[in-house]
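Engineer: Got a predicted structure here, sequence first:
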Amino acid sequence: MPKKKEMPPKQESQSLGEFLANIRTTKRMTLREVEEATDHEVSNAYLSQLENGRINKPSPNILHCLAEVYGAAYEVLMDKAGYITAATMRSETEKHGRIPTFARDNLTRDEEEELLKYLAFLRSRKAKK
């Protein structure tokens, strides 16, 4: 059975940085421990800038790494970074279901997550035009 994703309290009103800092402190992890847990994909300096609001829109790949380490919902991090909105997630899920609905073959969890990251990337490019 998959682990339940942890959600700190007051997540709707928190910025991405506050949300990430709250998760990290709840898990009693240092910035360096997070860096190590992401296999150095996210440096402690970069994470510090995220938590302090100096960086507000990290790449979907960074968000995915942090979601994995923190046990947080990737979609929530994508929402807080401005790539997607909770309303969009709900309406698209209600209309179409999850990605595996459209797959010819069943997708693994990793494949589904990669497709979600790619979709977020495409949407972010489209939004910039």
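Structural biologist: Received, thanks.

Engineer: Sticking with Val42, tell me its helix or strand.
Structural biologist: Remark: Val42 resides in no helix or strand, with elements defined by DSSP states H and E.

Engineer: try the one 5 residues further on
Structural biologist: Element membership for Leu47 (DSSP H and E) is helix 44-51.

Engineer: buried set for the top helix by length along the chain?
Structural biologist: Among the segments of the chain that qualify as a helix by DSSP state H, the longest is helix 109-128. Residues 113, 116-117, 119-120, 124 are the ones in helix 109-128 that count as buried (16 or more other Cβ atoms under 10 Å). Using the backbone N, CA and C atoms, a C-beta is placed for each residue, glycine as well.

Engineer: re earlier: which strands and helices lie in contact with the helix holding Leu47?
Structural biologist: helix 16-26, helix 31-37 (3 or more Cβ pairs under 8 Å, 6 or more residues apart in numbering; DSSP states H and E).

Engineer: For that helix, give the mean pLDDT please.
Structural biologist: The pLDDT scores in helix 44-51 average 96.

Engineer: Reformat the helices and strands packed on helix 44-51 as JSON lines; add distance to Leu66 and mean pLDDT.
Structural biologist: Putting the helices and strands packed on helix 44-51 into JSON lines (distance: least, Cβ to Cβ, whole Å; pLDDT from 0 to 100) gives the following:
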{"stretch": "helix 16-26", "distance to Leu66": "6", "mean pLDDT": "94"}
{"stretch": "helix 31-37", "distance to Leu66": "8", "mean pLDDT": "96"}
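
Engineer: which of the ones you listed sits most buried?
Structural biologist: Among those, helix 16-26 has the highest mean neighbour count (mean count of other Cβ atoms under 10 Å), at a mean of 19.

Engineer: which helices and strands sit right next to that helix?
Structural biologist: Here helix 16-26 touches helix 44-51, helix 60-70, helix 74-80, going by 3+ Cβ pairs under 8 Å, 6+ apart.

Engineer: can you put the ones you listed in a markdown table and add distance to Gly17 and mean neighbour count?
Structural biologist: Compiled in a markdown table, those are given as follows (distance: least, Cβ to Cβ, whole Å; neighbours: other Cβ atoms under 10 Å):
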| stretch | distance to Gly17 | mean neighbour count |
| --- | --- | --- |
| helix 44-51 | 5 | 18 |
| helix 60-70 | 11 | 20 |
| helix 74-80 | 9 | 21 |
